[in-house]
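In: need a structure here:
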Amino acid sequence: MNLIDSIIANEGFKAKPYIDPLAHENIPADAYAIIKKYWKELVPTFGHGHTYISQKGSKALIAFKIERIEKVLSKKIDFFITAPVEVQDVLCEMAYQMGVYGLLKFHNTLHHLEKEYYEMASVEMLDSHWARQTPSRANKLSKRILALAE
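Out: As a prediction, the model looks like this:
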């Protein structure tokens with residue numbers, strides 16, 4: 001599965017803006033309840049006044065975002081460019097989900113990937129807040145890294 005298809009499978013698709021299910025962790029409960037109550041009346045928009053996006057448009061945005069992520073990762077992670085494509089894809093997808101700086105907090109995982117200790121990297125990926133928050137995605141990506149150890 002290529003990187004864009006993997007992201008699409010893990011992110012899902014909604015044509016209209018929605019409240020991210022994990023957003024409530026960062027919003028006070030009373031504020032979240034008000035936002036949820038009035039969400040439809042707020043008419044959330046994005047971009048140039050859009051209230052929805054097509055799957056084709058969303059896929060183009062993913063490709064654009066991946067390109068930017070790859071450029072940043074190639075500067076921030078010394079081994080990124082020389083790593084196997086599978087490692088690059090997994091790192092890009094993690095950065096897509098949690099941001100580059102969220103990914104860079106995975107010091108042990110990155111160390112093990114650099115040394116090509118894929119089994120240890122896989123274990124470290126699962127020993128994280130990220131894996132507890134999004135276990136399905138974390139398990140899928142961890143298994144892709146583990147497969148490199150075989």
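
In: how many other residues sit next to Ala95?
Out: 23 (other Cβ atoms under 10 Å). Where C-beta positions appear, they are placed from N, C-alpha and C, glycine not excepted.

In: and it, what does it touch?
Out: By Cβ atoms under 8 Å, 6 or more residues apart in numbering, the contact set of Ala95 is 69, 72-73, 102-103.

In: distance of it relative to Tyr101?
Out: If you measure Ala95 against Tyr101 using Cβ to Cβ, to the nearest Å, the figure is 9 Å.

In: buried sites along stretch 1-8?
Out: 3-4, 6-8 (16 or more other Cβ atoms under 10 Å).

In: which of the residues you listed fall within strands?
Out: Judged by DSSP state E, strands contain none of these.

In: JSON lines for the residues you listed, including pLDDT and distance to Ser54?
Out: Output for the buried residues of stretch 1-8, formatted as JSON lines (pLDDT from 0 to 100; distance: Cβ to Cβ, whole Å):
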{"residue": "Leu3", "pLDDT": "92", "distance to Ser54": "20"}
{"residue": "Ile4", "pLDDT": "91", "distance to Ser54": "15"}
{"residue": "Ser6", "pLDDT": "92", "distance to Ser54": "20"}
{"residue": "Ile7", "pLDDT": "91", "distance to Ser54": "16"}
{"residue": "Ile8", "pLDDT": "90", "distance to Ser54": "13"}
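
In: nearest to Glu86, of those residues?
Out: When these are ranked by distance to Glu86 (Cβ to Cβ), Leu3 comes first, at 9.9 Å.

In: spatially, what comes nearest to the closest one if we skip its sequence neighbours?
Out: Nearest residue to Leu3 in three dimensions, chain neighbours excluded: Asp89, at 4.5 Å (Cβ to Cβ, 6 or more residues apart in numbering).

In: now stretch 76-93: mean pLDDT?
Out: Mean pLDDT, computed over stretch 76-93, is 98.
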